[in-house]
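> sharing a model that was predicted from the sequence below.
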Amino acid sequence: MKAYCFLLLLMLLVSCSTKKNGEEIRNVVDALPDTVYIPEYQLEGDTLSCDASWPTDILAIDSFLLVAQHKDKDLIHVYGLDGFKKLGSFLNVGGGPNEVNNWNGFTQSWVEDDKVKLLVQSYPQYVAVLDLNESLLQKQAVYKERFSFSTDSARSIFYRSNVVFRIEDRFLMSRAPGRVNSLEDYNASFQWYDYKADEIGNVVFGMNQAVLPIPYLYVNGGMCYNPNQGKLCYACRFMNLFFILDVETNRSIQIVPNNVPTDLKKHVAEKKDANYFQDVTCTDKFIYLATYDGCSRDEKDEYGVKVEVYDWEGKHVCRYLIPHAINYLTVNPQGDILYVVLPDGGIKCYALPKNKIV
């Protein structure tokens, strides 16, 4: 009888522990609609001379402009923001121990002790903190920390994630619908994982929409994280929706730009090719979202792109208009120069109007 009671108590404790570690948090609020005029500014850019062909991402940080290029032996090419002089290339593409595979872009970067750090994810091998300054000096990728996710619990959530963010001793991992077949709710969500304790934490939802008819297609989007704000932004590729998630409170602000929600049922019924957020980038002050406002793929060049600017509280600040299509964008730390990658692989820069954002 005592053994039975002990076994029952043990099962109850395990059940409670599992429920606690896997709790779902849905603290999603809708942003207030725009009620004032949003100023617009037409941008005219200059083409930069660059030896990288077909860049797959771009990042301006500190005094550097980083260009990713998958087709080269070296993935990351580094240029100086002042004069655009090439400073070096590193990070081999492949499946080796110090190579990167299925790289997911410049999603998290920061400056620490006057050195630029990048969080590099090589799926499904590892996540590492790369020291950019040391990598340039040694002409090869230099990792300061590396995380292999070798335990069963870590591997179970790392394998089903397409983007990982490091927040102190924990990781916030996206739950990618294309890699998680058991999801019942395809609203974009993340799961916490404590690396030192090897504990799976809560699931946090960033958006709250009706059940999505084609989950991977509509939820797929771009992400960026700002450690100084302690917030991340997720923008949907085929829905007019993005959200700002506070990683400390797990509270999310869900935003529908220009107050025009996406009619998913209509899109599915008509098989409409509607493109919204192409890319997203951020600074300490603002979020920059490149959107096509629902135009079709064939209309992108004719329509051009809008860069919607929001602050980290979800306030719509202004809008920049670019008269052509783009693939990726980034803004320098001072917030006065915008860099974009064009569909033909070229790179252009735009001087942003001074004193227009307060």
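All right, it came through fine.

> contact partners for Gly88?
His77, Val78, Ser135, Leu136, Lys139 (C-beta atoms under 8 Å, 6 or more residues apart in numbering). (Each C-beta comes from the backbone N, C-alpha and C, glycine too.)

> show me where the stretch 201-350 of the chain has its strands.
221-226, 231-236, 242-246, 251-255, 275-282, 286-295, 305-311, 316-322, 328-331, 337-341, 347-351 (DSSP state E, counting those that start in this stretch).

> let's have these in CSV, adding mean pLDDT, distance to Tyr37 and mean neighbour count.
What follows is the strands of the stretch 201-350 of the chain, written out as CSV (pLDDT from 0 to 100; distance: least, C-beta to C-beta, whole Å; neighbours: other C-beta atoms under 10 Å):
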stretch, mean pLDDT, distance to Tyr37, mean neighbour count
strand 221-226, 89, 27, 23
strand 231-236, 94, 23, 25
strand 242-246, 96, 21, 25
strand 251-255, 95, 18, 22
strand 275-282, 92, 22, 23
strand 286-295, 92, 18, 22
strand 305-311, 95, 14, 22
strand 316-322, 95, 10, 18
strand 328-331, 96, 23, 24
strand 337-341, 96, 22, 23
strand 347-351, 94, 22, 18
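
> with distance to Asp34 as extra columns, can I get those in CSV?
As requested, those are exported to CSV (distance: least, C-beta to C-beta, whole Å):
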stretch, distance to Asp34
strand 221-226, 21
strand 231-236, 17
strand 242-246, 14
strand 251-255, 10
strand 275-282, 17
strand 286-295, 14
strand 305-311, 11
strand 316-322, 5
strand 328-331, 22
strand 337-341, 22
strand 347-351, 24
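
> Ser148: how many residues sit nearby?
Number of residues near Ser148 (other C-beta atoms under 10 Å) recorded here: 12.

> wait, it sits on Gln125?
Yes: shown here, Ser148 and Gln125 form a contact pair, counting by C-beta atoms under 8 Å, at 7.4 Å.

> first-to-last residue distance for stretch 127-135?
Stretch 127-135 has its terminal residues 17 Å apart, counting by C-alpha to C-alpha, to the nearest Å.

> centre of the chain versus that stretch, how much separation?
19 Å (C-alpha atoms, centre = their mean, to the nearest Å).

> same check, this time on stretch 99-107
12 Å.

> so which of the strands of the stretch 201-350 of the chain gets nearest Leu59?
Closest to Leu59 of the strands of the stretch 201-350 of the chain, according to C-beta to C-beta: strand 328-331, at 5.2 Å.

> partners of the closest one in the sheet?
Note on strand 328-331: by DSSP bridges, its sheet partners are strand 337-341 (antiparallel).

> for the strand it pairs with, C-alpha coordinates in CSV please.
Output in CSV follows, covering the C-alpha atoms of strand 337-341 (Å, rounded to 0.1, in the frame of the first residue of the first chain):
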residue,chain,number,x,y,z
ILE,A,337,21.1,55.3,-43.7
LEU,A,338,19.1,52.4,-45.1
TYR,A,339,20.8,49.6,-47.0
VAL,A,340,18.9,47.2,-49.2
VAL,A,341,19.6,44.1,-51.3
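
> neighbouring contacts of it?
Residues contacting strand 337-341 (C-beta under 8 Å, 6+ apart): 43, 45, 48, 55, 57-58, 60, 65, 67, 81, 288, 290, 307, 320, 322, 326-332, 347-352.

> 7 Å instead?
Strand 337-341 has contacts (C-beta atoms under 7 Å, 6 or more residues apart in numbering) with 55, 58, 60, 65, 326-331, 347-352.

> pLDDT below threshold where in the stretch 51-200 of the chain?
Along the stretch 51-200 of the chain, segments meeting pLDDT under 70 span 177-184.

> tell me the contacts of Lys86?
Counting by C-beta under 7 Å, 6+ apart, Lys86 touches Asp51, His77, Tyr79.

> no wait, Asn187
Here Asn187 is in contact with Phe205, Met207, Asn208, Gln209 (C-beta under 7 Å, 6+ apart).

> distance to Tyr303 added to those residues, as CSV?
Listed next are these as CSV, based on distance: C-beta to C-beta, whole Å:
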residue, distance to Tyr303
Phe205, 32
Met207, 25
Asn208, 29
Gln209, 25
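
> what's the local residue count around the closest residue to Pro261 other than its chain neighbours?
Spatially, and ignoring its direct neighbours in sequence, Pro261 is nearest to Asn240 (6.7 Å; C-beta to C-beta, 6 or more residues apart in numbering). As a burial measure, Asn240 scores 21 neighbours (other C-beta under 10 Å).

> go ahead and confirm Asn240 touches Tyr276.
Yes: Asn240 lies in contact with Tyr276 (C-beta atoms under 7 Å); the separation is 5.1 Å.

> touching both of those two, which residues are there?
Joint contacts of Asn240 and Tyr276 (C-beta under 7 Å, 6+ apart) are Gly294.

> any idea how far stretch 34-52 is from the chain center?
With C-alpha atoms, centre = their mean, you get 20 Å for stretch 34-52.

> distance of Ser150 from Tyr143?
16 Å (C-beta to C-beta, to the nearest Å).

> swap in Gln191?
In terms of C-beta to C-beta, Gln191 sits 24 Å off from Tyr143.

> give me the number of neighbouring residues for Asp169.
9.

> same check, this time on the one 4 residues further on
Neighbouring residues of Met173 were enumerated by other C-beta under 10 Å; the total is 26.

> mind checking which helix or strand Arg155 is in?
Using DSSP states H and E, Arg155 sits in helix 152-158.

> CA atoms of that helix as CSV?
Taking C-alpha atoms only, helix 152-158 is exported to CSV below (Å, rounded to 0.1, in the frame of the first residue of the first chain):
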residue,chain,number,x,y,z
ASP,A,152,17.1,14.6,-25.5
SER,A,153,15.1,17.5,-24.1
ALA,A,154,17.2,20.1,-25.8
ARG,A,155,17.3,18.3,-29.1
SER,A,156,13.5,17.8,-29.1
ILE,A,157,12.9,21.6,-29.4
PHE,A,158,16.0,22.6,-31.2
